[in-house]
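Undergrad: sequence first, predicted model second:
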Amino acid sequence: MTGMAELDAEIAAYEQRLERVSRDDPGRPPLLNNLAARLRARFGLTGDESDLERAVQACQEAIASIGPPGPQAPVYLNSLGNCLADRFARHGSAGDLDAAITAYEDAVDRSAERSPDVPAFEANLANALVDRYRRDGTAGDLDHAITIVERIWDGGTGDPAERAGLAANYASMLQDRYAATGSLEDLERAIDVAKTALAGCPAGTSDHLMLLINLGGALQGRYERLNHREDLDAALEAFRSGLAETAEGAPSRALLLNNLGITLAACARIDGGAPGVRDLTEAVTAHRSALQATPGADRPQRLNNLAAALSDRYQMAGRGRDLREALRIWRRSAAETAPYAPQRARRVGNVARGYALRYERHGRRRDLVRARKLYRDSCVTAMASDPESALATGLEWGRWAIARTAYPEAADAYDLAVEALDQLFRAQLLRQNKEAWLRVAGGAASAGSLAHARAADCPGAVRAIERGRALLLSEALDRDRAELTRLGTLGRGDLAVRYSEVSQRLKRLLDAGRELQ
């Protein structure tokens, strides 16, 4: 590979020059910074951690050599932040991530007001804030990150490569906010941003790869909500294209394999039968490979997805060993997830599913008790950080309870599901997106009403069905009168985007105000 040979030669040349330069030579810090950049680039291609460690040390020495007042301090601090962020992604150390955020903040604060480097420093800060959001679930970190990126995006950058990288990060952040709020406007925006940037980004670059990953993820998310098979097929194509561009051992390969496995599992649920089992077997293989290459912060997610594919294969092919392994891995995934991470509730719900499946297979009461408790814990916890998960888990729990004729339990499950649905519905701005959630509303509300009735709770049955009907008449529909969908046909789609963004910010402010009351 020509690129690797060039990196090897450049690294060797910088190391030789540094051997001839004294530690107090003013030319030493820029040499160290350049060496660090190339070591980090080689780590990105090979995954060799010794390169990353040497890069961190080179950055630290460069900063120590010039002191805080040095004019090049922001550049060296940004380089250090990049290396620490990579090490966090590799090993999941909270200390590395917090140190990276501090380095980026210092780089921004110490830069001249009109420095052309500031947007790049701010973009890196935004990425690190999102990583911390994914670890701790602090919504303020995600909102701050998106605000930073939107400011840079709106300001425009003339460098196509920088804009492609920014687009990849922006699309990823919008998907995070979609997961937290269920707002389909964020998901549609993520798809549009990624598609537009891909058209002008050359294949084989790291930005092209990340855009493929984010586009595939957003398409997969839209399939899960709207059930359009073409979205799933397009996501599969994006992930396979990304793998074709990625060398063995590259850190991004694990992410691609993980996403490919999720998409194959979704295809299996559609196709069923022998084709479905083949898809799931390929999905399990992809997830195992992704997990093997994931030692750091993403490990709980990789574990969760492997367990999901094994569980699906158990339900399709009846292999008991798949269920045993799935439950064991789901428990490990939940145990390794940070207590306040947004995904924790979803993973606890998956553990509940594992116990429910084992109860159905063996009839052990302790599995029944565990499953009921974990289902409820998952729904309640997810309401604040992952309402889509609360809805899905509540519906799954309700169906399972109905099948056992446990009607009071089913009524509890469906009540939580409808509460999550109401929250998701009110987060939408456009009518078609509200209608996407309303397609779930009738089934959830009627199932809940039936469960209350069979539990001899007639008032509860009435409340459940009326709550579902109330969504149809909700005042949240008033915002749709802005006729946002027509703006695109009039050539002013930019106004629809801005309206959506401002409305989302207004909603968050109103929600924050209610919490303070």
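TA: Right, received. Where do you want to start?
Undergrad: which helix or strand contains the closest residue to residue 458 other than its chain neighbours?
TA: If you skip the residues right next to it in sequence, residue 458 has residue 452 as its closest partner in space, 7.5 Å away by CB to CB, 6 or more residues apart in numbering. From N, CA and C alone the C-beta is placed, and that goes for glycine too. Counting by DSSP states H and E, the element that carries residue 452 is helix 431-454.
Undergrad: just to revisit the earlier point, list the residues that contact the residue nearest to residue 458.
TA: With contact set as CB atoms under 8 Å, 6 or more residues apart in numbering, residue 452 has these partners: 407, 411, 458, 460, 461, 463, 464.
Undergrad: distance of the residue nearest to residue 258 when sequence neighbours are not counted relative to residue 89?
TA: On the basis of CB to CB, 6+ apart, the spatially nearest residue to residue 258 that is not a chain neighbour turns out to be residue 290, at 4.1 Å. Counting by CB to CB, to the nearest Å, the gap from residue 290 to residue 89 is 14 Å.
Undergrad: if you count surrounding residues, which of the two has more?
TA: Just comparing residue 290 and residue 89: by other CB atoms under 10 Å the higher neighbour count belongs to residue 290, 24 against 17.
Undergrad: residues contacting the more buried one?
TA: Under the criterion of CB under 8 Å, 6+ apart, the contact list for residue 290 reads 254, 255, 257, 258, 261, 302, 305, 306.
Undergrad: go on, residue 77?
TA: Contacts here follow CB under 8 Å, 6+ apart; on that basis residue 77 touches 63, 103, 104, 106, 107, 110.
Undergrad: so it, which of the three states?
TA: Taking DSSP: H, G, I helix; E, B strand; the rest coil as the rule, one finds residue 77 in the helix state.
Undergrad: who's the closest spatial neighbour of it, skipping the chain neighbours?
TA: With CB to CB, 6+ apart as the criterion, residue 77 has its nearest non-adjacent residue at 4.0 Å, and that residue is residue 107.
Undergrad: if I read this right, that neighbour contacts residue 123, doesn't it?
TA: No: no contact is recorded between residue 107 and residue 123 when judged using CB atoms under 8 Å, the distance being 11.3 Å.
Undergrad: the two - which one has more neighbours?
TA: Neighbours of residue 107 and residue 123, each counted by other CB under 10 Å, are more numerous for residue 107; the result is 26 against 21.
Undergrad: how close does the more buried one sit to residue 101?
TA: Taking CB to CB as the measure, residue 107 falls 11 Å from residue 101.
Undergrad: who touches both of the two?
TA: Both residue 107 and residue 101 are in contact with 81, 125, where contact means CB under 8 Å, 6+ apart.
Undergrad: circling back to that earlier point, with respect to residue 135, which of the contacts of residue 77 is nearest?
TA: Out of those, the one with the shortest distance to residue 135 is residue 104. That distance is 16.0 Å, counting by CB to CB.
Undergrad: can you classify that closest one by secondary structure?
TA: When states are read from three-state DSSP, the local structure at residue 104 comes out as helix.
Undergrad: tell me how the protein divides into domains.
TA: When the chain is parsed into structural domains using automatic domain parsing, the resulting residue ranges are 1-143, 337-482, 485-517.
Undergrad: mind checking the SS state of residue 412?
TA: Remark: residue 412 carries the secondary structure label helix [criterion: three-state DSSP].
Undergrad: and the pLDDT at it?
TA: For residue 412, the model assigns a pLDDT of 97.
Undergrad: give me the number of residues near it?
TA: When counting by other CB under 10 Å, one arrives at 24 neighbours for residue 412.
Undergrad: how about it, what does it touch?
TA: Under the criterion of CB under 8 Å, 6+ apart, the contact list for residue 412 reads residue 376.
Undergrad: for PyMOL, write a command that selects the buried ones of the contacts of residue 452.
TA: Here is the PyMOL command that picks out the buried ones among these, judged by 16 or more other CB atoms under 10 Å:
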select buried, resi 407+411+460+461+463+464
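Undergrad: so which of the contacts of residue 452 are in strands?
TA: When strands are assigned by DSSP state E, not one member of the contacts of residue 452 lies inside them.
Undergrad: identify the farthest-apart pair in the contacts of residue 452.
TA: Of all the pairs that those form, the one spanning the most space (CB to CB) is 407 and 463, at 15.4 Å.
Undergrad: where does the protein have low pLDDT?
TA: Scanning the chain with the threshold set as pLDDT under 70 gives 1-2, 67-69, 157-159, 431, 440-442, 471-493, 496, 499-517.
Undergrad: residue contacts, the residue most central in space within it?
TA: The centre of the chain sits closest to residue 176, judged by CA atoms, centre = their mean, with a distance of 4.9 Å. Taking CB under 8 Å, 6+ apart as the criterion, residue 176 is in contact with 130, 133, 134, 142.
Undergrad: pretty sure the first one is touching residue 144, no?
TA: No: at 9.3 Å, residue 130 does not count as touching residue 144 under the criterion of CB under 8 Å.
Undergrad: re the thing from before, for the residue nearest to residue 258, give its distance to residue 45.
TA: Separation of residue 290 from residue 45 (CB to CB) stands at 18 Å.
Undergrad: residues contacting residue 470?
TA: Taking CB under 8 Å, 6+ apart as the criterion, residue 470 is in contact with no other residue.
Undergrad: that one: helix or strand, and which one exactly?
TA: Residue 470 is part of helix 458-472 when elements are defined by DSSP H and E.
Undergrad: what angle sits between that helix and helix 431-454?
TA: Compare the direction of helix 458-472 with that of helix 431-454 by axes from the mean of the first three to the mean of the last three CA atoms, to 10 degrees and you get 170 degrees.
Undergrad: burial count for the closest residue to residue 393 other than its chain neighbours?
TA: Once its chain neighbours are removed from consideration, residue 393 has its nearest residue in residue 349; the separation is 4.0 Å (CB to CB, 6+ apart). Applying other CB under 10 Å, we find 28 other residues in the vicinity of residue 349.
Undergrad: so what's residue 349 up against?
TA: 374, 375, 378, 379, 382, 389, 392, 393, 396.
Undergrad: follow-up on the earlier one: out of the contacts of residue 77, which comes closest to residue 151?
TA: Closest to residue 151, out of all of these and judged by CB to CB, is residue 104, at 15.2 Å.
Undergrad: what's the neighbour count on the closest residue in space to the closest one that isn't next to it in sequence?
TA: In space, and not counting its chain neighbours, residue 104 is closest to residue 125: 3.8 Å by CB to CB, 6+ apart. Other residues within reach of residue 125 by the criterion other CB under 10 Å amount to 25.
Undergrad: tell me which helix or strand residue 391 sits in.
TA: helix 387-403.
Undergrad: and the contacts of that helix?
TA: Taking CB under 8 Å, 6+ apart as the criterion, the residues outside helix 387-403 that touch it are 179, 181-182, 345-346, 349, 352-353, 356, 371-372, 375-376, 378-380, 382-383, 407, 409-410, 413-414, 416-421, 423-424, 427, 440, 444, 447-448, 451.
Undergrad: next, the angle helix 431-454 makes with it.
TA: For helix 387-403 and helix 431-454, the angle between their directions (the same axes, to 10 degrees) works out to 30 degrees.
Undergrad: got the buried residues for helix 387-403?
TA: If you call a residue buried by 16+ other CB under 10 Å, then helix 387-403 has these buried ones: 387-398, 400-402.
Undergrad: which of these lies closest to residue 219?
TA: The shortest gap between residue 219 and any of the buried residues of helix 387-403 belongs to residue 388, at 16.4 Å (CB to CB).
Undergrad: any idea how far the closest one is from residue 430?
TA: Computed with CB to CB, the distance linking residue 388 and residue 430 is 17 Å.
Undergrad: and residue 289, by the same measure?
TA: Distance, residue 289 to residue 430, using CB to CB: 39 Å.
Undergrad: between these two, which one's more packed in?
TA: Comparing residue 289 with residue 430 by neighbour count (other CB under 10 Å), the higher total belongs to residue 430, at 21 against 17.
Undergrad: my understanding was that the more buried one contacts residue 184; is that so?
TA: Yes: look at residue 430 against residue 184 with CB under 8 Å: they come within range, at 7.5 Å.
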